[in-house]
Structures are given as structure tokens and as C-alpha cells.
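1. Mind folding the following:
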Amino acid sequence: MASKHPQFISDVRGKGTYLAFDCESADLRNKLVAALKAQGVNSGGCGVKTMRLRPTLYFEKKHADIYLEALDKACQQASS
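-> Alright, predicted model coming up:
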């Protein structure tokens, strides 16, 4: 995903249910947060340009697939 949308996803870090990644700027991060929320995904920023993911403890591969699909669409929307 980072290679597909490098302006929105870089410096991916974390493990398990505590993950984060950076956007190029706070403005792009805020656009991404809004695009995710429009799809029903509750997400938020952290710091200057970081997005933090803290899913529920009940988080399986199918949930990751749903999130990645929503993230891909949100990146496409936010870059328009």
C-alpha cells in the first residue's frame, strides 16, 4: 500500500494492534482521515502528520482486508 500511495503512507511502524504510518503533510493526513470517515471507518490523526491504528482486540485478517480496501479507496479520494 505504501508503494501505491507514498504521499499518504510512509514510515509504517508498529506491531500487532498498535500501528502507525505518516503522511507527507498534516493537510494530506486530514484529507485521508475525512475520506476514511466518509466510508464509515473511524480513524484519527496523531502528532503532526501521523495516523495511528488501534483496532479492537477482536481483529482478524478479514478485518485487515476490509481496512486496507477502505484505505486504498480513501487515498484515491483524498488525492483527487
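2. May I see the buried residues of stretch 67-80?
-> For stretch 67-80, a neighbour-count test (16 or more other CB atoms under 10 Å) marks 67, 70-71, 74-75, 78 as buried. Any C-beta I mention is one placed from the backbone N, CA and C, and that applies to glycine too.
3. which among the residues you listed gets closest to residue 51?
-> Closest approach between the buried residues of stretch 67-80 and residue 51, by CB to CB: residue 71, at 9.3 Å.
4. So what's the residue count around the residue nearest to the closest one when sequence neighbours are not counted?
-> Spatial nearest neighbour of residue 71, chain neighbours left out: residue 1 (6.5 Å); criterion: CB to CB, 6 or more residues apart in numbering. By the measure other CB atoms under 10 Å, the count of residues near residue 1 is 13.
5. would you turn the buried residues of stretch 67-80 into TSV with pLDDT and distance to residue 27?
-> Below are the buried residues of stretch 67-80 laid out as TSV (pLDDT from 0 to 100; distance: CB to CB, whole Å):
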residue	pLDDT	distance to residue 27
67	90	22
70	94	20
71	94	18
74	96	15
75	96	14
78	93	10
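6. re earlier: next up, the contacts around the residue nearest to residue 71.
-> Applying CB atoms under 8 Å, 6 or more residues apart in numbering to residue 1 gives the contacts 9, 68, 71-72, 75.
7. Backbone torsions only: list them for residue 58.
-> phi -90, psi 80 (degrees, to the nearest 10).
8. Residue 22 now?
-> For residue 22, the backbone dihedrals (degrees, to the nearest 10) come out as phi -110, psi 150.
9. before we move on, back to that, generate TSV for the contacts of residue 1, with secondary structure as supplementary columns.
-> Converted to TSV, the contacts of residue 1 look like this (DSSP: H, G, I helix; E, B strand; the rest coil):
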residue	secondary structure
9	coil
68	helix
71	helix
72	helix
75	helix
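10. out of those residues, who's nearest residue 28?
-> Nearest to residue 28, judged by CB to CB, of these is residue 75 at 9.4 Å.
11. Disregarding residues adjacent in the polypeptide, which is nearest to that closest one?
-> residue 5 (4.0 Å).
12. again, but for residue 9
-> Closest residue in space to residue 9, ignoring its immediate chain neighbours: residue 2 at 4.3 Å, by CB to CB, 6+ apart.
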